[in-house]
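Student: Dropping a prediction and its sequence here:
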Amino acid sequence: MSSGVGVRAATPADAGTLAQFRAAFLLDFGVPLEDGCEAFWTEYFQAALQDGRYWAVLAEFPSDIHDAQAVACAGLMFFPIVPVPSDPSGLRAHVQGVYTLPEYRGRGLGEMLTRAVLKEAQARGLKSANLNASALGRGIYERLGFSEAKAPEMRLNLAGAAL
């Protein structure tokens with residue numbers, strides 16, 4: 001990894017950066033965005049970082065000046081689950097929004113930030129984490145110990161469902 005990288009927790013003031021990174025991630029994979037997505041996501045991230053529904057870290061270059069540039073991020077969402085004795089937290093960590101600007105890829109930033117959000121989940125007492133892996137990130141997640149989930153997931157678009 002490159003020297004000079006700084007890592008810090010995101011604040012509500014970083015919501016616009018997180019929204020831009022989310023848009024760039026989706027566009028990298030050819031996902032068309034609805035008009036207004038970045039503004040919508042900025043508003044969401046501001047509120048979610050403020051109230052604790054979302055936690056994120058940013059990698060910045062250079063780390064020794066006031067106007068450091070964010071070049072990568074990773075986020076963590078918290079989903080309620082039915083607690084069991086081996087996992088009494090009632091929450092599952094969901095790793096989300098791992099993104100590195102193209103010119104900074106290959107330096108280990110994605111793995112470093114994913115580790116950071118997983119350590120945060122551990123510090124909060126969470127016992128499990130999941131994520132949706134892109135082909136680009138799959139190797140990182142497998143090195144960290146993620147495996148394919150055994151439980152099948154199905155999804156329904158309620159907006160278009162004739163119920």
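Tutor: Nice, I can see it.

Student: Going by C-alpha atoms from here, please, whenever you check contacts or count neighbours.
Tutor: Fine.

Student: Tell me how many other residues surround Val31.
Tutor: 11 (other Cα atoms under 10 Å).

Student: give me the element it is part of.
Tutor: Of the helices and strands defined by DSSP states H and E, none includes Val31.

Student: And it, what's its pLDDT?
Tutor: Listed pLDDT for Val31 reads 92.

Student: any idea how far Ala24 is from it?
Tutor: 10 Å (Cα to Cα, to the nearest Å).

Student: contact partners of the longest strand belonging to the chain?
Tutor: Longest strand in the chain, counting residues (DSSP state E): strand 69-80. The contact list for strand 69-80 (Cα atoms under 8 Å, 6 or more residues apart in numbering) reads 17-18, 21, 53-62, 90-101, 104, 109-110, 113-114, 117, 121.

Student: quick one: which of those residues sit in strands?
Tutor: Using DSSP E, those in strands are 54-61, 91-100.

Student: Phe40 belongs to a helix?
Tutor: Yes - with DSSP: H, G, I helix; E, B strand; the rest coil as the criterion, Phe40 is located in a helix.

Student: Count the residues that sit near it.
Tutor: The burial count for Phe40: 12, using other Cα under 10 Å.

Student: got it, and Leu156?
Tutor: For Leu156, using other Cα under 10 Å, the count is 7.

Student: In the longest strand of the chain, which residues are buried?
Tutor: For strand 69-80, the neighbour count (16 or more other Cα atoms under 10 Å) marks Ala70, Val71, Ala72, Cys73, Ala74, Gly75, Leu76, Met77, Phe78 as buried.

Student: Pull up the pairing partners for it, direction included.
Tutor: strand 54-61 (antiparallel), strand 91-100 (antiparallel) (DSSP bridges).

Student: JSON lines for the ones you listed, including mean pLDDT and mean neighbour count?
Tutor: Formatted as JSON lines, these follow (pLDDT from 0 to 100; neighbours: other Cα atoms under 10 Å):
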{"stretch": "strand 54-61", "mean pLDDT": "96", "mean neighbour count": "23"}
{"stretch": "strand 91-100", "mean pLDDT": "95", "mean neighbour count": "23"}
